[in-house]
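Asker: mind folding the following:
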Amino acid sequence: MKALILENPMQRITLTMILLSAFTTPLMLSAVNVALPSIANDLSMNAVLLSWIPMVYLMASAMFVLIFGRIADMVGRKKIFLIGISSVIVTSLIAASVDSGSSLIAARFLQGVSAAMLYATQVAIISSVFPPAKRGYVIGLTVSAIYFGLTTGPLIGGYIVDLYGWRASFVVHIPLALIALTIGVLYVKDEWSSDERGSFDLFGAILYMLSILIICLGVSYLPSSLSFILILFSFFGFTFFFLFEHKHKHPIFDTTLFFTNRVFTFSCLASLIIYTATFANVVQVSLYLQYLKELSATSAGLIMMCQPMTMAIFSPIAGRLSDKFEPKYLSTIGMGITCCGLIMLSNLKIESELNYLLLSLFITGLGFGLFSPPNVNAIMGSVEKKFYGSATGAMATMRILGQMSSMVLVTLIFALIIGSVEINQENYVALENAIRIIFTIAAMLCIPGLYFSMVRGNFIKT
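Answerer: Take a look at the predicted model:
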């Protein structure tokens, strides 16, 4: 199988570019998560404000991923992809040079906008280059590259944070990002876009971005009454956006697929749920190890490698299996295993043994590794080629909204239990309780995820 995939020179060089990109951004993200305690100490940021460092990145990615997905279909996916890599490099340098918490949050927003260009194009380019019979395996490799980035990020991030400080965590990925950019500019000659250019839905884009922004602002004011008013407004905004896009001739988000394609719809919902349930794991485990267990950033990074490393190992296997067997069964098994791992994490205490934490992270990573590639393969295989851009945008949106929802959950629980104070020994018990509550809610979310994954129906590869 591998030889068949790599026999085409353009396929080989394009895959190399995508895999490097898929590795570098998660490398930086997980390295920054390890650096959060150092950032908090250096910039005097409380627990709630600290949670906005990963959350604002996700907010920006969620706001712009659909927009860049539509623009990529119109002007070319490789073009937007290369602009995205360049922008990530520049904004990472900006983030590494700031001197205040507010400036760092602003820089993270710019990073999120840049990364949205990559999220909107990576899988679309892969699906455009490789035939359906090989798609699952290549998607598995791409997902594996993402998880290898998440695996090495905590270790490398912890090491360089201990040596050089938190600023180094924002630039650790730049050398590899430059290589990916060079390959794309000099060696990837093909371009991929939609056969029908159409027009850009400016009103829908603005409506969607405002809805995302309002819900995030609402979360920032929790638990005040203003928060619930803003969240309600965002709900109405999303509803109007969904209905408006359904009637638009050239929407930025083709909601027709949700009305007509059961496999696509339920696969997206399952993806939304599992990312909501698991994304904040790395943030919580980082805080648990460095505050409650008093470990160094390097030691914490070594332990945090367990979950993404497990994902990286099993993702190519799951992707290849999804080319031969019905993906819904593999994804459902993965969702169930993930739920078991989260239940174990919900029983985590200050006095818990590190072996228990490692086992919990391994089980969670195994479940996610079995779920993700088959689920992506089901989404891309359930639509026609002309919908690849829309499907990739929808998939990236579900992932980012899930990640953002995961951080919303963390922000909410921290605000309710710890409050707007810096984390110290006086509120360690509150931090422990907050972490356990978040993991408990995450495990419960997997129950509807199991339902959507199992009843989605079978798909026919396009």
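
Asker: which stretches of this structure have low pLDDT?
Answerer: 1-7, 192-197, 220, 222-223, 385-390, 420-424, 457-462 (pLDDT under 70).

Asker: break it down into its domains, please.
Answerer: 9-186+252-454, 201-250 (automatic domain parsing).

Asker: quick check: which of these is buried the most?
Answerer: Mean neighbours per residue, mean count of other CB atoms under 10 Å, is largest over the domains of the chain for domain 9-186+252-454, with a mean of 22. Yep, even glycine has a C-beta here, placed from its N, CA and C like the rest.

Asker: skipping adjacent residues, who's closest to residue 212 in space?
Answerer: Leaving aside its chain neighbours, residue 212 sits nearest to residue 63 (4.6 Å; criterion: CB to CB, 6 or more residues apart in numbering).

Asker: I'd say residue 156 and residue 301 touch.
Answerer: Yes: assessed by CB atoms under 8 Å, residue 156 is found in contact with residue 301 at 7.5 Å.

Asker: does residue 383 sit in a helix or strand, and which one?
Answerer: Under DSSP states H and E, no helix or strand contains residue 383.

Asker: so how far is residue 322 from the closest residue to it other than its chain neighbours?
Answerer: Computed as CB to CB, 6+ apart, the closest residue to residue 383 that is not its neighbour in sequence is residue 391, at 4.7 Å. Taking CB to CB, to the nearest Å as the measure, residue 391 falls 16 Å from residue 322.

Asker: check which element follows the strand or helix carrying residue 17 along the chain.
Answerer: Using DSSP H and E, the secondary-structure element containing residue 17 is helix 9-43. Downstream of helix 9-43, the next assigned helix or strand under DSSP H and E is helix 47-75.

Asker: after that next one, which helix or strand is next? Please name it.
Answerer: helix 77-96.

Asker: my read: residue 358 touches residue 304, true?
Answerer: No: using CB under 8 Å, residue 358 is not in contact with residue 304; the gap is 10.1 Å.

Asker: would you map the strands across the stretch 301-450 of the chain?
Answerer: Applying DSSP state E, counting those that start in this stretch to the stretch 301-450 of the chain gives no strands.

Asker: now do the helices in it.
Answerer: Assigned helices in the stretch 301-450 of the chain, in chain order: 306-322, 327-345, 354-381, 388-417, 428-454 (criterion: DSSP state H, counting those that start in this stretch).

Asker: any idea how far the residue nearest to residue 383 lies from residue 357?
Answerer: Residue 391 is 37 Å from residue 357, by CB to CB.

Asker: which ones are touching residue 289?
Answerer: Going by CB atoms under 8 Å, 6 or more residues apart in numbering, residue 289 touches 295, 299-300, 303-304.
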